[in-house]
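Peer 1: sequence and predicted structure are below.
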Amino acid sequence: MAAAAQGVKAQTWEELAEEVFIGMREWRVQHPRATFKEIETALDERLARVRARILTEAALQSAAEDLRDVPAPERPVCPDCGGALRLAGREERVLTTTYEQAVPLVRSATVRTACGRRVFPPG
């Protein structure tokens with residue numbers, strides 16, 4: 001369920017980044033003898049969550065997120081043959097980032113008119 005639907009204020013990217021900074025300061029106090037590698041790992045874990053959130057929101061702002069309002073001539077074409085794609089509803093995919101964070105995306109799905117192969121996300 002979306003945070004807004006639960007009555008929880010959605011955090012801005014800046015607020016998420018601030019949590020990383022505060023969390024790292026607290027972690028460092030708790031781990032004064034941490035090695036460089038341990039510090040790097042702790043930081044990467046925190047940054048990975050913010051990175052995934054930014055990727056999710058940026059991807060969902062893409063024109064490919066919902067192609068229903070995009071005129072057919074302006075829609076993406078098949079990446080393999082360049083042929084037309086027709087809309088095939090909405091689909092959810094969960095992608096995984098470089099840092100193993102799940103990024104759920106609900107976007108327009110399309111089907112190649114020539115062969116019927118589904119293309120998600122188009123473009």
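Peer 2: Cool, the structure landed.

Peer 1: tally of neighbours for D66?
Peer 2: 14 (other CB atoms under 10 Å). Every residue, glycine included, has its C-beta placed from N, CA and C.

Peer 1: can you check the one 4 residues further on too?
Peer 2: Residue neighbour count, defined by other CB under 10 Å, stands at 16 for V70.

Peer 1: next one: the one 4 residues further on
Peer 2: The burial metric for E74, expressed as a neighbour count using other CB under 10 Å, is 8.

Peer 1: any idea how far it is from T97?
Peer 2: Distance, E74 to T97, by CB to CB, to the nearest Å: 29 Å.

Peer 1: which other residues reach the lengthiest helix in the chain?
Peer 2: When the chain is parsed with DSSP state H, its longest helix is helix 36-60. The contact list for helix 36-60 (CB atoms under 8 Å, 6 or more residues apart in numbering) reads 13, 16-17, 19-20, 23-24, 27-28, 31, 34, 65, 97, 99-107.

Peer 1: mind listing which of those are in helices?
Peer 2: Members of these lying in helices (criterion: DSSP H): 13, 16-17, 19-20, 23-24, 27-28.

Peer 1: drop anything exposed from those.
Peer 2: 16-17, 20, 27 (16 or more other CB atoms under 10 Å).

Peer 1: ok, G83 touching R112?
Peer 2: Yes - between G83 and R112 there is a contact under CB atoms under 8 Å: 6.1 Å.

Peer 1: mutual contacts of those two, please.
Peer 2: Shared contacts of G83 and R112, defined by CB under 8 Å, 6+ apart, are absent.

Peer 1: who has more neighbours, those two?
Peer 2: Between G83 and R112, R112 has the larger neighbour count (other CB under 10 Å), namely 20 against 11.

Peer 1: could you list the low-pLDDT ranges of the chain?
Peer 2: For the chain, applying pLDDT under 70 flags the ranges 1-10, 63-65, 120-123.

Peer 1: so which residue is dead centre in it?
Peer 2: Nearest to the geometric centre of the chain sits T56, at 2.3 Å (CA atoms, centre = their mean).

Peer 1: that one and V94: what is the separation?
Peer 2: According to CB to CB, T56 and V94 sit 10 Å apart.

Peer 1: common neighbours of the two, please.
Peer 2: Shared contacts of T56 and V94, defined by CB under 8 Å, 6+ apart, are found at 103-105.
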